[in-house]
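Participant: Here's a sequence, model it:
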Amino acid sequence: MRHVTDAERRARLAVRHALAPAHRVASPEAATRAMTVLHATEPATVHLSCWARVPGLRTTDVERALTVDRTLVKQLAMRRTLFVFPRDLLPAALPSASARVARTERAAIAKDVVKAGLAADGDAWLDTARAAVLAVLAEAPGGLSARAVREAVPLIDVKVSVSAGSQWSASRVLTHLGLTGDVVRGANAGHWRVSRPAWTLTRDWITPPGPLSAEHGCTELVRRWLTTFGPGTEDDVVWWLGATKGVVRAALADLAAVPVSLDDGSTGWLLPDDVEEVPDPGPWVALLPVLDPTVMGWRSRGFLLGPHRERLFDRNGNAGTTAWVDGRVVGCWVQDGGGRVRVRSLEEVAAPAREALEAEADRLTAWLDGVRVGTVYPSPAMKEPVA
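Facilitator: Okay, here's the model as predicted:
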């Protein structure tokens, strides 16, 4: 069995994730393909993930891909997380990862509707609500805001208590319609770091993709994941995909994935045409945003985080900003009161790397041009006062 060291895993990361200078890419589409998908829970993550990988990126380049060319599409999928997908990957995601979450959401919504006393049959209520929303959106090709949908469909303009301090309203129905591929998040009415989408019928936004089977969809998602993140363990893939071990094992078998040994004693997997050693790409640094897929792509992250996990993730496992040197996370970054980007190191960094990180911080400061990027997922390291 071939052995892949942690050093080679970090070299692969630098090359495959378009982070080493010689391997950066030319467009938001290429950056998204490099990562399989981009996290989009916070809108700013999409732009900042692209900035780290695309020299000379402008915010309008990302907006062009999302709303003009529509080569990138926001879609709720794995682990009920919002991602930006390359449009050609939607046929794989919709019948597999998205459909899996849609089934769970349907059951939860139906149960909550009955519990709240809105209807005796929760499934029937959801079907009626879905049909009413689709009928309204069919008359609005440009899409409608969530507020406008609520006003047009009083049936869903309700608040449903789930537990003490937790409730949901109309957005839950829109979420389910998105999971089933009937609607998409269209044009954004807010700043690029704010999410105010116009909910739009999928057929009005893009040519509806012809879906694969659920099995083939899972296999394609795993293939792309291995291209980006391999070698990874079975547990890594199960976690990322939000699927069962049986589903993942079937996909690995379909792909004829090759087992390799890793430094921590576990078994990783590579695609059969991707087993050659990746050479060291040379020195590099990067500043990545909250929830960037490079830090969120694996369940086991020891080879890149070292001892810093507790200071870089919140209690729910969400990654804050990260500062990288040669494939290892050495700290995070924050903005001071004037909007200047400051690197916060969690370990000693050699002078050349420290200087390179400061230069990257200056580059990001200039790109943001006074815009302050907030987050609801600050890590403990990010919460420390700015010197």
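Participant: residues contacting residue 43?
Facilitator: 188, 192-195 (CB atoms under 8 Å, 6 or more residues apart in numbering). Bear in mind the C-beta positions are built from the backbone N, C-alpha and C, glycine included.
Participant: Any of those buried? List them.
Facilitator: If you count burial by 16 or more other CB atoms under 10 Å, the buried members of those come out as 188, 192-193, 195.
Participant: Could you single out the nearest of those to residue 329?
Facilitator: residue 193 (23.2 Å; CB to CB).
Participant: Look at the closest residue to residue 223 other than its chain neighbours and say how many residues are nearby.
Facilitator: Spatial nearest neighbour of residue 223, excluding adjacent residues (CB to CB, 6 or more residues apart in numbering): residue 255 at 5.6 Å. Here the number of neighbours of residue 255 (other CB atoms under 10 Å) works out to 17.
Participant: any idea which of the buried ones among the contacts of residue 43 is the one closest to residue 273?
Facilitator: Looking across the buried ones among the contacts of residue 43 and measuring by CB to CB, the closest to residue 273 is residue 192, at 37.4 Å.
Participant: in the stretch 151-300 of the chain, which spans are strands?
Facilitator: Ranges of strands within the stretch 151-300 of the chain are 160-163, 166-168, 183-188, 197-201, 232-233, 258-262, 267-270, 285-288, based on DSSP state E, counting those that start in this stretch.
Participant: May I see those strands arranged in CSV, with distance to residue 212 and mean pLDDT as well?
Facilitator: Output for the strands of the stretch 151-300 of the chain, formatted as CSV (distance: least, CB to CB, whole Å; pLDDT from 0 to 100):
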stretch, distance to residue 212, mean pLDDT
strand 160-163, 33, 80
strand 166-168, 31, 77
strand 183-188, 18, 95
strand 197-201, 22, 96
strand 232-233, 22, 98
strand 258-262, 24, 98
strand 267-270, 21, 98
strand 285-288, 31, 98
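Participant: how about these, which one is nearest residue 363?
Facilitator: Here strand 285-288 is closest among the strands of the stretch 151-300 of the chain (CB to CB), at 8.6 Å.
Participant: Please pick out the residue of this protein most distant from its centre.
Facilitator: Residue farthest from the centre of the chain, counting by CA atoms, centre = their mean, is residue 120 at 36.6 Å.
Participant: which residues sit in contact with it?
Facilitator: Residues near residue 120 by CB under 8 Å, 6+ apart: residue 114.
Participant: ok, it to residue 355 distance?
Facilitator: From residue 120 across to residue 355, the span is 67 Å (CB to CB, to the nearest Å).
Participant: How about residue 285?
Facilitator: In this view, residue 285 and residue 355 are 9 Å apart by CB to CB.
Participant: Same check on residue 96?
Facilitator: 45 Å.
Participant: neighbour-wise, which of the two wins?
Facilitator: Neighbour totals were compared for residue 96 and residue 355, and residue 96 leads with 28 against 12 (other CB under 10 Å).
Participant: The more buried one in helix, strand or coil?
Facilitator: Under DSSP: H, G, I helix; E, B strand; the rest coil, residue 96 falls in the helix class.
Participant: In space, what's closest to it - neighbours in sequence excluded?
Facilitator: Distance criterion CB to CB, 6+ apart; nearest residue to residue 96, sequence neighbours excluded, is residue 217 at 3.4 Å.
Participant: right, and that neighbour touches residue 223 too?
Facilitator: No - taking CB atoms under 8 Å as the definition, residue 217 is not a contact partner of residue 223, at 10.7 Å.
Participant: more crowded one of those two?
Facilitator: Under the criterion of other CB under 10 Å, the comparison of residue 217 against residue 223 puts residue 217 first, with 23 against 19.
Participant: Can you name the residues that contact the more buried one?
Facilitator: By CB under 8 Å, 6+ apart, residue 217 lies in contact with 91-97, 211.
Participant: can you redo these as CSV with distance to residue 132 and pLDDT?
Facilitator: Shown next, in CSV, are the contacts of residue 217 (distance: CB to CB, whole Å; pLDDT from 0 to 100):
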residue, distance to residue 132, pLDDT
91, 27, 95
92, 30, 96
93, 26, 96
94, 22, 95
95, 25, 95
96, 28, 96
97, 27, 97
211, 25, 75
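Participant: Can you tell me which of those residues comes closest to residue 40?
Facilitator: Minimum distance to residue 40 across the contacts of residue 217 is 13.1 Å, recorded for residue 93 (CB to CB).
Participant: Where does the closest one fall, secondary structure wise?
Facilitator: helix 90-93 (DSSP states H and E).
Participant: okay, that helix in CSV with CA atoms only?
Facilitator: Extracted as CSV, the C-alpha positions of helix 90-93 are listed here (Å, rounded to 0.1, in the frame of the first residue of the first chain):
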residue,chain,number,x,y,z
LEU,A,90,-26.2,20.2,-9.7
PRO,A,91,-27.5,17.1,-11.5
ALA,A,92,-25.4,15.1,-9.1
ALA,A,93,-26.3,17.0,-5.9
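Participant: Relative to the whole chain's centre, how far out is that helix?
Facilitator: In terms of CA atoms, centre = their mean, to the nearest Å, the centre of helix 90-93 is found 15 Å from the chain centre.
Participant: ditto for stretch 114-127
Facilitator: 32 Å.
Participant: can you give me the end-to-end distance of that stretch?
Facilitator: 14 Å (CA to CA, to the nearest Å).
Participant: quick one: buried residues of that stretch?
Facilitator: 116, 119, 122, 125-126.
Participant: what's the answer for stretch 92-110, then?
Facilitator: Quick answer for stretch 92-110 (16+ other CB under 10 Å): 92-102, 105-106, 109-110.
Participant: Equivalent analysis for stretch 205-221, please.
Facilitator: Those would be 205, 208-209, 211-212, 214, 216-221, for stretch 205-221 by 16+ other CB under 10 Å.
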